[in-house]
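Have a look at this prediction, sequence included:
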Amino acid sequence: MNFTHLKAFYSVVKYQSFTQAARELNVSQPTLSLQVQNLEKQYDMPLLKRTKKANELTDEGKIVYSYAEKIFSLAGEMENTIEDLNSSKSGDLRIGSTPTLAHYMLPNLILKHKENNPNLKLQLFTGLSREVLGKVLDFEYHVGIIGRVDYPSNVIYREIINPKLYFITADKMKNKIRLTDLSDYPILFPERGSATREYIISEFQKKSIPLNNYIDCENASALKNMVHLGMGGAFFPFYGIEKDVKEGKYRCVEILDELSLHIDLIYLLERKKSQTVKSFVAALKGYSFP
């Protein structure tokens, strides 16, 4: 069995995209496509339906994918076990989080945990909530601290904070508004994969409020700058905008619908006995976020 070809097939299905899978595996898209084709030739059967949805599985593909999930889950579990053989207060701890949380909320926590575990090699990576979740599922990150999204059954999660969301704008607007006041207002959203984006859109949908005017933006800094330039408004927790509001870059408007985002610590069920993970979970229980 060629595990490189199997990993290529598994990643295409998992990420629902040849482009995303190629990026994650650090190969070109033509190379990835060839690896999937070679796997199909090896088994002499089609695994993906050649339609507009290139990741739609054939019946045979569903069987192969179910085994691939088990194989790569076991491989990650083995790596985790081996790590724990060499770690208690030493070893590696790879944390994934969103850029806003990593910038405003995590530095003091990480500093304190590092001081209590001086031999620990601690690494912090950032990405959108769904990207971080994917890395946790792939055993690349030990833990994630992200905005809540839908989690698979093998993910353990615990809410650590529940910050209220505010609307920022450069326009003159009431100090307090409802979501219905924003149906025609230009709203700036983080790109797909953001927990904030998913949550806000779901709240609009629950209240049957149309989103008639919105723009997608790749990162938080650019998004805030677009708000400052008067291109629209965006939703943020106060800790992510406090400094800019004080400097007068834009206004902070309260949403009367009481929007708040669940921020969770997540890790795999397979890592539940990991000493590295247990130590970090314990540190979080005794930590108060600012």
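In hand now; what should we look at? Residues are numbered from 1 along each chain as shown.

Against Glu191, how distant is the nearest residue to Tyr65 once chain neighbours are set aside?
In this structure, Tyr65 finds its nearest non-sequential neighbour in Val13, 5.3 Å apart by Cβ to Cβ, 6 or more residues apart in numbering. Every C-beta, even on glycine, is put in place using the N, C-alpha and C of the backbone. Per Cβ to Cβ, to the nearest Å, Val13 is found 22 Å from Glu191.

Pick out whichever of those two has more residues nearby.
The residue with more neighbours, out of Val13 and Glu191, is Val13; 22 against 12, by other Cβ atoms under 10 Å.

what does the host helix or strand of the more buried one rub up against?
Per DSSP states H and E: Val13 is located in helix 3-15. Contacts with helix 3-15, where a contact means Cβ atoms under 8 Å, 6 or more residues apart in numbering, come from 18, 21, 24-25, 27, 32, 35-36, 38-39, 42, 47-48, 54-55, 57, 61, 64-65, 68-69, 71-72, 134.

about what we covered before: tell me how far the residue nearest to Tyr65 lies from Gly193.
Using Cβ to Cβ, Val13 is found at 18 Å from Gly193.

what is the rounded mean pLDDT of the helix or strand where Thr196 lies?
Element membership of Thr196, judged by DSSP H and E, is helix 195-206. Mean per-residue pLDDT for helix 195-206: 92.

let's number from 27 now, not from 1
Fine by me, first position is 27 from now on; the one you just mentioned is helix 221-232.

tell me how far it is from the chain's mean position?
Centre-to-centre, helix 221-232 and its host chain are 15 Å apart (Cα atoms, centre = their mean, to the nearest Å).

what does that helix rub up against?
124, 154-156, 172-175, 191, 205, 213, 215-217, 236-237, 261-262, 283, 285, 287.

likewise stretch 83-96?
32-33, 35-36, 39, 65, 69, 71-75.

mind putting those in a markdown table, pLDDT and distance to Thr302 included?
Formatted as a markdown table, these follow (pLDDT from 0 to 100; distance: Cβ to Cβ, whole Å):
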| residue | pLDDT | distance to Thr302 |
| --- | --- | --- |
| Leu32 | 92 | 28 |
| Lys33 | 91 | 25 |
| Phe35 | 91 | 31 |
| Tyr36 | 91 | 26 |
| Val39 | 89 | 30 |
| Leu65 | 91 | 34 |
| Tyr69 | 89 | 38 |
| Met71 | 90 | 41 |
| Pro72 | 89 | 42 |
| Leu73 | 90 | 36 |
| Leu74 | 89 | 37 |
| Lys75 | 83 | 41 |
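
buried set for the longest helix seen in the chain?
For the chain, the helix that runs over the most residues, judged by DSSP state H, is helix 85-111. With burial defined by 16 or more other Cβ atoms under 10 Å, the residues of helix 85-111 counted as buried are 87, 90-91, 94, 98-99, 102, 106, 109-110.

In helices only, show me the contacts of helix 221-232.
155-156.

Of the contacts of helix 221-232, which qualify as buried by neighbour count?
Using 16+ other Cβ under 10 Å, the buried ones in the contacts of helix 221-232 are 124, 154-156, 172-175, 191, 205, 213, 215-216, 237, 261-262, 285, 287.

Contact partners for Tyr313?
135, 138 are the contacts of Tyr313 under Cβ under 8 Å, 6+ apart.
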